[in-house]
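Trainee: need a 3D model of the sequence below.
(2 chains)
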Amino acid sequence: MLPLARLGVRAVTVTMKLDSFTKTLPKLPGAVPVWHGAVTAEELRSLCEQVERGGGKLLALWGSDETEQYALHVSLIAAPGMLVLTLLVSGKHAVFPDISDLFPAADRMQRAVSDMLGLHPAGGGDPRKWVRHAAWPGNVRPLRKSFDVATTFPAGEDGYPFVPVTGNGVHEIPVGPVHAGTIEPGHFRFSVVGERVLRLEERLGYKHKGIEKRFEGMTLEQGARLAGRISGDTTVGYAWAYAQAVESVTGTEPPPRALWLRALFLELERLLNHLGDLGYLGNDVALAFGFAQFWILKEELLRTNGELFGHRYLMDRIVPGGVAVDLDGAGIARITGALHHIEQNVAALKDIYDEHAGAQDRFLTTGRVLPELAAQLGLTGLPGRASGLAWDTRAQFPCAPYDQLDVQMVTHRNGDVAARVTVRFEEIAESVRLIRLILERLPPGEIRRALGDAEQGRLGIGWVEGWRGEIVVALHTGENNRIQRLHPHDPSWQNWPVLEHAIIGNIVPDFPLINKSFNLSYSGVDL
Amino acid sequence: MLPIIRQILRTGIKTEAPPQPDDALRLEVRRINEQILRQIGRALAIRHVDAGSCNGCELEIHCLNNAYYNIEGLGIHFVASPRHADMLLVTGPVSRHMETALKRTYDATPEPKLVVALGDCGCDGGIFGESYASCGKIANVIPVDVAVPGCPPTPTAILQGILTAVSGKAR
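Mentor: Modelled structure (predicted):
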């Protein structure tokens, strides 16, 4: 475990000792430990420096239009939980302090804020655009309240300046946005000498479909469906985080049975994704047997989901106020049987993967991110845990029912494809254990409560450890239980830039394998 | 090697019978000569294009390759280039940032070609609709033969859409 910021907790307030004065932030109501308050530019910078020095990290960064002025919101993790700092920015001089020198992962988030809202980091960071390609002109800011979502523009020129790499024998390989496999679109620009990669530069944003703008004006109930479609493979994670945010602003406490069922769904989602990834990681090293085996297990679990809960991926099963579907005794027996089957087969397959010389030869030392670099760049979630970074919200800041499950965090230190494979195997075993406990202790009672009303101008936060890593949903309320602004944050924001480092010095044909071992979301960051 | 063989034997054969074509899925943008359809229907090459989906439809396309649906057993396979493809399998909505890439992929696919649009978003724009960032349904950008609704459509529904596109129209 990393040493965290030296910040004390006192009942419902955090007292932070800044260099020259004390700042108190109130705790937000709800399931997750979040403290929120307004800060000045100097305080923002100073608090970020303190959190960084203390071993904390940046979680998310977003902006909002506050009528004639703007706000920048920064979410950090410190010892007691999450801090959300809000900086009001004048409409005339729309700048905020750059924090990408402290947290490199902030860079793309800051660029997205520039593109979408027209707030710029002062004195630093990469000046290039990030989300915007050619669908709207550079002087148009889609997340400003004055912008109508239905406005369209004739396609312009994209003209994105990639960083050129020159020298004897260097050539470029442009890949995408349409890739060779069934994957999401994005562009990768490799600069190589022979087969070895000198530099990879990513260009994302192809899937930008206006999700954040789409949320604005939706009712809190309507937003749940969209939240479940931010990144289809993490629908449970986002739906839960969204529900937490809504429950925080409406003062709704979901019934205990609903919370336990949500954890069941989240662990099922983790199992599905880890099973699928282990199959593809086998496939990518020419072990087609692995693909066949793991995808049989995945399909069987998908069918179990479909039959018990009415949706193979559990979309729309978590709703604000609770869950939409219950589980009976026969269902519990069905899942218990499925777990036994998965456990037996995964154990056999792990032995086969571990003993397979061809697979291990490709896995070991490939795409390595050493713990020091991982910490410096802010790697998070599953790849972070494979590089020695012990962060898992379920273990460190557990909300119910995880506070009663004693989640055993899986970490490894090698930071290569092999470590990311091992973390997946061990997390499958842990999820199986957790699901058994959940099924055993599932409390009786109702599964959904009616939502209260939300005051205008409130902030609600959801924070869930999805299978990739931490998902944050930040919800700002408007009039009549409607959404004023919603920012969903995917851990892929942190991890995409690290992938650029993981490939350096590796050969081009290993990129698909390294990429798969991270398995990051495009839709979740393009929004 | 022995553990692998043991595991394969223990698993057995999982493949199920494929669904029948369904004419209700046709948009009838254009027809291909029946004889050609019979030819490509037996060795169909598909290029998948994600034009802006949430990635949900992709999860179910992946499943077509699993042993239960065993799409390769039907002579259908996914190819790496549109130039090798008879069919584009497109998920959406089409984001405006993917509009050019989708059109270019369509143009790079040799005639005769088929297009199957997947998912509620591919059929009508779905929850994302049309906006400054989204062109909405696939048919707003390229011609579509068959559209398969669902969020996401099940592998069986996707397979049915593909088989409908390559089957002759019922008289």
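
Trainee: what sits against whatever residue of chain B ends up closest to chain A?
Mentor: Closest contact between chain B and chain A, by CB to the nearest CB, is at B:Gly56 (2.8 Å). In short, each C-beta sits where N, CA and C put it, glycine included. Shown in contact with B:Gly56 (CB atoms under 8 Å, 6 or more residues apart in numbering or on different chains): A:229, A:232-233, A:235, A:313, A:315, B:119, B:151-152.

Trainee: try 10 Å
Mentor: By CB atoms under 10 Å, 6 or more residues apart in numbering or on different chains, the contact set of B:Gly56 is A:228-229, A:231-233, A:235, A:312-313, A:315, A:523, B:91, B:118-121, B:150-153.

Trainee: and the residue lying closest to A:Gly205 once chain neighbours are set aside, what pLDDT?
Mentor: Setting aside the residues directly before and after it, A:Gly205 is nearest to A:Val131 in space (CB to CB, 6 or more residues apart in numbering or on different chains), at 4.7 Å. Per-residue pLDDT puts A:Val131 at 96.

Trainee: correct me, but A:Val131 touches A:Lys209?
Mentor: No: with contact defined as CB atoms under 10 Å, A:Val131 does not reach A:Lys209; the gap is 11.0 Å.

Trainee: which SS class is the residue most central in space within chain B?
Mentor: Centroid check for chain B by CA atoms, centre = their mean gives B:Leu89 as the closest residue, at 3.3 Å. Secondary structure state of B:Leu89, per DSSP: H, G, I helix; E, B strand; the rest coil, is strand.

Trainee: ok, it - contacts?
Mentor: Here B:Leu89 is in contact with A:182, B:46-50, B:57, B:61, B:64, B:78, B:114-118, B:122, B:146, B:148, B:158, B:161-162, B:165 (criterion: CB under 10 Å, 6+ apart).

Trainee: where does chain B have low pLDDT?
Mentor: B:28-32, B:35, B:41, B:168-171 (pLDDT under 70).

Trainee: swap the cut-off to 80 and go again
Mentor: B:28-42, B:168-171 (pLDDT under 80).

Trainee: which strands or helices does the longest helix seen in it pack on?
Mentor: Ranked by residue count and defined by DSSP state H, the top helix of chain B is helix B:155-166. When contacts are defined as 3 or more CB pairs under 10 Å, 6 or more residues apart in numbering or on different chains; DSSP states H and E, helix B:155-166 packs onto helix B:34-41, strand B:44-50, helix B:56-64, strand B:76-78, strand B:87-91, strand B:114-118, strand B:146-148.

Trainee: could I get it in PDB with only the CA atoms?
Mentor: Extracted in PDB, the C-alpha atoms of helix B:155-166 (Å, rounded to 0.1, in the frame of the first residue of the first chain):
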ATOM      1  CA  PRO B 155     -25.600 -13.500 -31.200                       C
ATOM      2  CA  THR B 156     -28.500 -15.500 -32.600                       C
ATOM      3  CA  ALA B 157     -30.200 -12.300 -33.800                       C
ATOM      4  CA  ILE B 158     -26.900 -11.100 -35.400                       C
ATOM      5  CA  LEU B 159     -26.400 -14.400 -37.100                       C
ATOM      6  CA  GLN B 160     -30.000 -14.300 -38.300                       C
ATOM      7  CA  GLY B 161     -29.400 -10.900 -39.800                       C
ATOM      8  CA  ILE B 162     -26.300 -12.000 -41.600                       C
ATOM      9  CA  LEU B 163     -28.000 -15.100 -43.000                       C
ATOM     10  CA  THR B 164     -31.000 -13.000 -44.000                       C
ATOM     11  CA  ALA B 165     -28.700 -10.700 -46.000                       C
ATOM     12  CA  VAL B 166     -27.200 -13.600 -47.900                       C
END
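
Trainee: okay, angle between that helix and strand B:114-118 too, please.
Mentor: 150 degrees (axes from the mean of the first three to the mean of the last three CA atoms, to 10 degrees).

Trainee: for residue 81, which non-adjacent residue is spatially closest?
Mentor: Since no chain was named, I'll use chain A. A:Pro33 (3.0 Å).

Trainee: nope, chain B please
Mentor: That would be B:Arg47: by CB to CB, 6+ apart, it lies 6.9 Å from B:Ser81.

Trainee: before we move on, what about A:Leu271?
Mentor: A:Ser431 (5.2 Å).

Trainee: counting by contacts, list what whatever helix or strand that neighbour lives in packs against.
Mentor: Assigning secondary structure by DSSP states H and E places A:Ser431 in helix A:417-441. In terms of contacts (3+ CB pairs under 10 Å, 6+ apart), helix A:417-441 is packed against helix A:256-283, helix A:329-355, helix A:357-363, helix A:381-385, helix A:511-518.

Trainee: ok, which of these comes nearest A:Ala78?
Mentor: helix A:381-385 (17.1 Å; CB to CB).

Trainee: hmm, that closest one touching chain B?
Mentor: No: no part of helix A:381-385 sits close enough to chain B to count as contact by CB under 10 Å from any CB of the partner chain; the gap is at least 16.6 Å.

Trainee: elements contacting that helix?
Mentor: Packed on helix A:381-385, when contacts are counted by 3+ CB pairs under 10 Å, 6+ apart, are helix A:256-283, helix A:371-377, helix A:417-441, strand A:470-477, helix A:492-502, helix A:511-518.

Trainee: closest point of the stretch 351-500 of chain A to chain B, which residue?
Mentor: Closest point on the stretch 351-500 of chain A to chain B, by CB to the nearest CB, is A:Ile352, at 5.3 Å.

Trainee: most distant residue from the middle of chain A?
Mentor: Farthest-from-centroid check, chain A (CA atoms, centre = their mean): A:Asn168, 39.5 Å.

Trainee: so how many other residues sit close to the residue lying closest to B:Leu88 once chain neighbours are set aside?
Mentor: Nearest non-adjacent residue to B:Leu88, counting by CB to CB, 6+ apart: B:Val115, 4.9 Å away. The burial count assigned to B:Val115 is 23, neighbours taken as other CB atoms under 10 Å in any protein chain shown.

Trainee: B:Val115 is in contact with B:His48, isn't it?
Mentor: No: counting by CB under 10 Å, B:Val115 stays clear of B:His48, with 11.6 Å between them.

Trainee: what touches both of these two?
Mentor: Common neighbours of B:Val115 and B:His48 (CB under 10 Å, 6+ apart) are B:87-90.

Trainee: just to revisit the earlier point, most tightly packed of the helices and strands packed on helix A:417-441?
Mentor: The highest average neighbour count among these, using mean count of other CB atoms under 10 Å in any protein chain shown, belongs to helix A:381-385 at a mean of 27.
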